[in-house]
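>>> Sequence first, predicted coordinates after that:
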Amino acid sequence: MTDQPTPQASCPGNTAADAQRARRRFGPRGITWLGLIVNSVLTIGKVTVGVVFGSKTLVADGLHSGADLVTDVVVLTGLRYSARPADVSHPYGHRRVSTLVAMGVGIALAAAAIFIAIDALESLHAYLDKHMTAHLRPAMPFAAALVSVVVKEWLFRATRRVALREIDMSLEANAWHHRSDAFSSMAAAAGMGGALVGGQGWRFLDPAFAVVMSALLLLVAMQILKRSAEELVDQAPSSATMESIRQATGETEGVVSFHAIRARKTGGMVAVDVHVQVKPTLTVIRGHEIAGAVKRSVMAADPRIAEVIVHIEPSIQA
């Protein structure tokens, strides 16, 4: 007898169907392709407006969007490989490709923050030394920066939502790269706004705000790099996750005791290894059933747990 689709699957208000449609609309590759297109438009637009109207911060902001283009391509490549199943050469799967990509995005973000800071400090120094001779026409750069803030903040939220749903570090890092662009655009908008209100005498706000925002970008980059490094050195998950693993294991029917629980982060997920003791008189089949039950219980305890290896041992307790 073949399985037939249930009538509820086609209902417009069905939650599962809505979730599936949302997944098709904004999957990991789809949201990254959208980001690539948006960044292409913003790069050309902001650099052009910045050059024509004399805003160094908007030019730097446009180059930051250009850096986002590179990371979008890197993330797309990483998604292609990290989703591959385990094979002979990678028996534990390819999820750590996303960790490497996240580290690359973190490095790119740090480089962008440093570039913005250096360029802004040079402009600020020129202003203080009265060598900033280029005339700033702030109205158009101000409008362009505001549009960029709105678009990139939306892109950050959309990408991060997909990243949390898929539990993918590279997507989350790329989301923060989008927000970093929103931050730099916010700095440009603040500088342009100051120049609009106070005239050319307030031009220093343009590079000054860029320095402040670059420091925030560098902080985010360091956090991404720290998380990636923790995964690469097999750091254990949080104490709360470890406690949920212990509780799920101990409460499984047939488990007398357990020990040697180990867990490590991998590609945003968690891999678990646990030794379970059962009654020595049980059959091999029953021991195998208990191991399967432990695996299901542990994976149900936390959605980030991707793999559970259970070792069955005879209990020496009376």
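Received the coordinates, thanks. Just so it is clear, the model here is predicted, and its values are computed rather than measured.
>>> And the strands in this protein, which stretches?
Assignment of strands within the chain using DSSP state E yields the ranges 257-266, 269-278, 305-314.
>>> from these, which stretch is densest packed?
Most buried of these, by mean neighbour count (mean count of other CB atoms under 10 Å): strand 269-278, with a mean of 21. Glycine gets a C-beta too; all of them are placed from N, C-alpha and C.
>>> hmm, who's touching that one?
92, 95, 167, 237, 241, 245, 249, 252, 254-264, 286-287, 290-291, 294, 298, 302, 304-317 (CB atoms under 8 Å, 6 or more residues apart in numbering).
>>> Helix or strand with the lowest mean pLDDT in the protein?
helix 15-25 (a mean of 49; mean pLDDT, DSSP states H and E).
>>> How about L164: what's its closest non-neighbour residue?
Leaving aside its sequence neighbours, L164 sits nearest to E172 (CB to CB, 6 or more residues apart in numbering; 7.3 Å).
>>> Tell me, how many residues neighbour A126?
A126: 15 surrounding residues under other CB atoms under 10 Å.
>>> now V88: how far from T241?
31 Å (CB to CB, to the nearest Å).
>>> tell me which strands and helices the lengthiest helix in the chain is in contact with?
Longest helix in the chain, counting residues (DSSP state H): helix 96-128. Under the contact definition 3 or more CB pairs under 8 Å, 6 or more residues apart in numbering; DSSP states H and E, helix 96-128 sits against helix 56-82, helix 169-198, helix 205-232.
>>> hey, which of the ones you listed is tucked in deepest?
Mean neighbour counts for the helices and strands packed on helix 96-128 (mean count of other CB under 10 Å) peak at helix 169-198, with a mean of 25.
>>> Which other helices and strands does that helix contact?
By 3+ CB pairs under 8 Å, 6+ apart, helix 169-198 packs against helix 28-53, helix 56-82, helix 96-128, helix 139-166, helix 205-232.
>>> just for the chain, where's the confidence low?
Residue ranges of the chain with pLDDT under 70: 1-25, 130-136, 199-201, 203, 317-318.
>>> Domain parsing of it, as residue ranges.
Domains of the chain are assigned by automatic domain parsing as 7-232, 239-314.
>>> and the longest one, how far from the chain's centre?
I take that to be domain 7-232. From the chain centre to the centre of domain 7-232 is a distance of 11 Å (CA atoms, centre = their mean, to the nearest Å).
>>> Excluding covalently adjacent residues, which one is nearest to M299?
Closest to M299 by CB to CB, 6+ apart is I305, at 5.0 Å.
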